[in-house]
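Trainee: Dropping a prediction and its sequence here:
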Amino acid sequence: MLSLNYADDFDGDEEKTELLDFLADDKTVDLDLRLDARRFLQGCPRRLVQIAHKITSGENLTPTDSQYLWRYHKREQKRLLAM
């Protein structure tokens, strides 16, 4: 059994590499992205966040939810075009 810190020439490039470097790292956390998302959500209307939770959990939106989301998109699109 080898340690993950064991270094050897595994890939034939004459350079020693630790086994740990070959493991897939799918669980890296982008802290900047996470902070940006948190700031964005803090600035969003509470109702919009509730609608987003419904969408991500697979719940159907009520007609009122859909209308609120449509109006929010329309208002934000106008604001982006004005920039």
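Mentor: Yep, that arrived.
Trainee: all contacts plus neighbour counts: C-alpha atoms, from now on.
Mentor: Noted.
Trainee: Name the residues of the helix or strand harbouring K78 that come out as buried.
Mentor: Element membership for K78 (DSSP states H and E) is helix 63-82. Using 16 or more other CA atoms under 10 Å as the test for burial, helix 63-82 gives 65, 69.
Trainee: Look up the pLDDT of L20 for me, please.
Mentor: At L20, the model reports a pLDDT of 63.
Trainee: residue boundaries of the strands in the chain?
Mentor: 7-8, 17-18 (DSSP state E).
Trainee: List of residues touching the helix holding K78?
Mentor: Helix 63-82 is contacted from outside by 48, 51, using CA atoms under 8 Å, 6 or more residues apart in numbering.
Trainee: Make 3 the first number, not 1, from now on.
Mentor: Noted, 3 is the first residue going forward, which turns the last one into helix 65-84.
Trainee: then that helix to CSV, C-alphas only?
Mentor: What follows is helix 65-84, C-alpha atoms only, in CSV (Å, rounded to 0.1, in the frame of the first residue of the first chain):
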residue,chain,number,x,y,z
PRO,A,65,-49.3,32.6,-11.9
THR,A,66,-48.4,35.3,-9.4
ASP,A,67,-44.9,34.0,-9.1
SER,A,68,-44.5,33.8,-12.8
GLN,A,69,-45.8,37.3,-13.2
TYR,A,70,-43.4,38.7,-10.5
LEU,A,71,-40.5,36.9,-12.2
TRP,A,72,-41.5,38.2,-15.6
ARG,A,73,-41.7,41.8,-14.3
TYR,A,74,-38.4,41.5,-12.5
HIS,A,75,-36.7,40.3,-15.7
LYS,A,76,-38.3,43.1,-17.7
ARG,A,77,-37.2,45.8,-15.2
GLU,A,78,-33.6,44.4,-15.0
GLN,A,79,-33.3,44.2,-18.7
LYS,A,80,-34.3,47.8,-19.1
ARG,A,81,-31.7,48.8,-16.5
LEU,A,82,-29.0,46.8,-18.3
LEU,A,83,-29.8,48.4,-21.6
ALA,A,84,-29.7,51.9,-20.1
